[in-house]
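J.: Everything below, folded, please.
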Amino acid sequence: MGQLALKSSNTKSLLRSINKKSKLYKQYLHHRSNEKLLKYKTYKNKLTNLLRVAKRLYFENQIEVNKTNIKQTWRVLNKAICQNKKKKLTYPLVDDNGESIASTEKVANKFFKYLTNISPNLADKIAPASKSFQDFINSVPSDSLSTFSHVTAEEPHKDPPRTGGKERHSITCKSLCLRCRSLQKSTAHRHL
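T.: As a prediction, this is how the structure comes out:
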């Protein structure tokens, strides 16, 4: 069934059908009428469906023929989805002088320069803070800081129990939850 699209008689008949569609369209253009337009559109729609079927059968056959050759299989797949052309840059890159950059090395260097300057450029745009971080620490009541417990020298080095077997955490989930709850309680009492 997949070979039907590859037989020369099918290809020739499809070409004859395409030519007939063109003739029907020309007839419609010379004598515009609803009848000729309907005849052309009906024929065009049937031909479009036949071409889709022929194309599908062709690619099915090509994949079947090349199923043992992965390189050819990928070529067929890329051809089927029209990815056989390398895409060109739609907007050419230009350097500081306004000249177009064509070499891949220059393009890579231009992107590297741009990406490495993003954070310094953004940092320059940030207005300086009117307060120091110490102003915020000094404004917090001292009793709210007392909920933090000091970590012993051994605690960070303890092996926590495995959770799911994938990762090791530097702090146990239980101790983290307990500390979060104590923080919630202390902030809740302060706002009441």
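J.: how about residue 92, secondary structure?
T.: coil (DSSP: H, G, I helix; E, B strand; the rest coil).
J.: Okay, strands next: where are they in this structure?
T.: Shown for the chain, no strands are assigned by DSSP state E.
J.: what about it, any weak spots by pLDDT?
T.: 1-9, 83-91, 140-192 (pLDDT under 70).
J.: Could you chop it up by domain?
T.: Listed domain ranges for the chain are 2-80, 138-191 (source: automatic domain parsing).
J.: where do the helices sit along this protein?
T.: In the chain, the helices defined using DSSP state H lie at 8-30, 34-65, 70-80, 104-116, 118-125, 133-139, 142-145, 173-191.
J.: The longest one: which residues count as buried?
T.: Using 16 or more other Cβ atoms under 10 Å as the test for burial, helix 34-65 gives 36, 40, 43-44, 47, 54, 57-62. Every residue, glycine included, has its C-beta placed from N, CA and C.
J.: So which of the residues you listed is the closest to residue 115?
T.: residue 59 (40.5 Å; Cβ to Cβ).
J.: ok, the closest one - contacts?
T.: 76, 79-80 (Cβ atoms under 8 Å, 6 or more residues apart in numbering).
J.: Run a quick neighbour tally on residue 111.
T.: 11 (other Cβ atoms under 10 Å).
J.: gap between it and residue 102?
T.: From residue 111 over to residue 102 the distance is 14 Å, taken as Cβ to Cβ, to the nearest Å.
J.: Same check on residue 29?
T.: Distance of residue 29 to residue 102, computed by Cβ to Cβ: 45 Å.
J.: Which of the buried residues of helix 34-65 sits closest to residue 98?
T.: Comparing the buried residues of helix 34-65 against residue 98 with Cβ to Cβ places residue 59 closest, at 45.9 Å.
J.: Can you list phi and psi of residue 103 for me?
T.: For residue 103, the backbone dihedrals (degrees, to the nearest 10) come out as phi -80, psi 140.
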